[in-house]
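A.B. asks: fold the following, please.
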Amino acid sequence: MRRLVLGDGIQSAQVDARGYIWTSYFDEGVFGNYGWNEPVGDCGLITWDASGDMTYRFDAPSGLDRIVDCYMLNVTSRTEAWLSYYTEFPLVHLRHGAVAGVWRGPLRGAAHLVVSRCQTRVMTDGGYNARDTWQVLSLTRDGNAAIEQTLRLTVGGVPVDGSEPICARGHKLFILKASIVYAVDLELLAR
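C.D. replies: Here you go, the predicted model:
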């Protein structure tokens, strides 16, 4: 119906209920490697309306590094998104385009982020060295993300290790295996 230029080096793209497109960028999209003088994704996270007009650009507030590579994005509603990015891997909660919360914890290199409805727990893969494990983290009021439990997710007895297509939206993790989509609901995991 139309063509849009959203840049290159897109890590993930998610669409919210308004039809707005959220694009996060990995390092080549942030720094450019495709002939851009100023890469479209140099801020690391952009929101676009359905016509392709930019409506939001992430600008790291004081105390946070800029996005170099956005590893995780979960758009949980029309006005909220969660992300974590390189280099320090903070867990950042955005609400109405402003930072609503920041947590520090064991998120080094995790690629998938599931957020509980009450927004006090998240689940991520194990990161750089443990793709076949998953961790549920409690988010504390003092800005820490502490491991509550470590899990091994399996489908048909085979560990989910990130080699299969995976998508996290809201409080659910979706896994595609042998043409079947499996859903893991963070709300149903025992505490």
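A.B. asks: so where does the most centrally placed residue in the chain fall, helix or strand?
C.D. replies: Residue closest to the average C-alpha location in the chain (Cα atoms, centre = their mean): Leu73, at 1.7 Å. Assigned by DSSP states H and E, Leu73 belongs to strand 69-75.
A.B. asks: need the contact list for the closest residue to the residue nearest to the centre of the chain other than its chain neighbours.
C.D. replies: Spatially, and ignoring its direct neighbours in sequence, Leu73 is nearest to Ser24 (4.4 Å; Cβ to Cβ, 6 or more residues apart in numbering). Heads up, the C-betas are built off the backbone N, CA and C, glycines and all. By Cβ atoms under 8 Å, 6 or more residues apart in numbering, the contact set of Ser24 is Ile10, Gln11, Ser12, Ala13, Gly44, Leu45, Ile67, Cys70, Leu73, Leu83, Tyr85.
A.B. asks: and Tyr182, by the same measure?
C.D. replies: Counted by Cβ under 8 Å, 6+ apart, Tyr182 has contacts Val155, Phe174, Ile175, Leu176.
A.B. asks: which among the residues you listed count as buried?
C.D. replies: Those of these that meet the buried threshold are Ile175, by 16 or more other Cβ atoms under 10 Å.
A.B. asks: could the contacts of Tyr182 be laid out in TSV, adding secondary structure and pLDDT?
C.D. replies: Below are the contacts of Tyr182 laid out as TSV (DSSP: H, G, I helix; E, B strand; the rest coil; pLDDT from 0 to 100):
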residue	secondary structure	pLDDT
Val155	strand	87
Phe174	strand	96
Ile175	strand	94
Leu176	strand	93
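A.B. asks: and which of the contacts of Tyr182 is nearest Glu38?
C.D. replies: Comparing the contacts of Tyr182 against Glu38 with Cβ to Cβ places Phe174 closest, at 34.8 Å.
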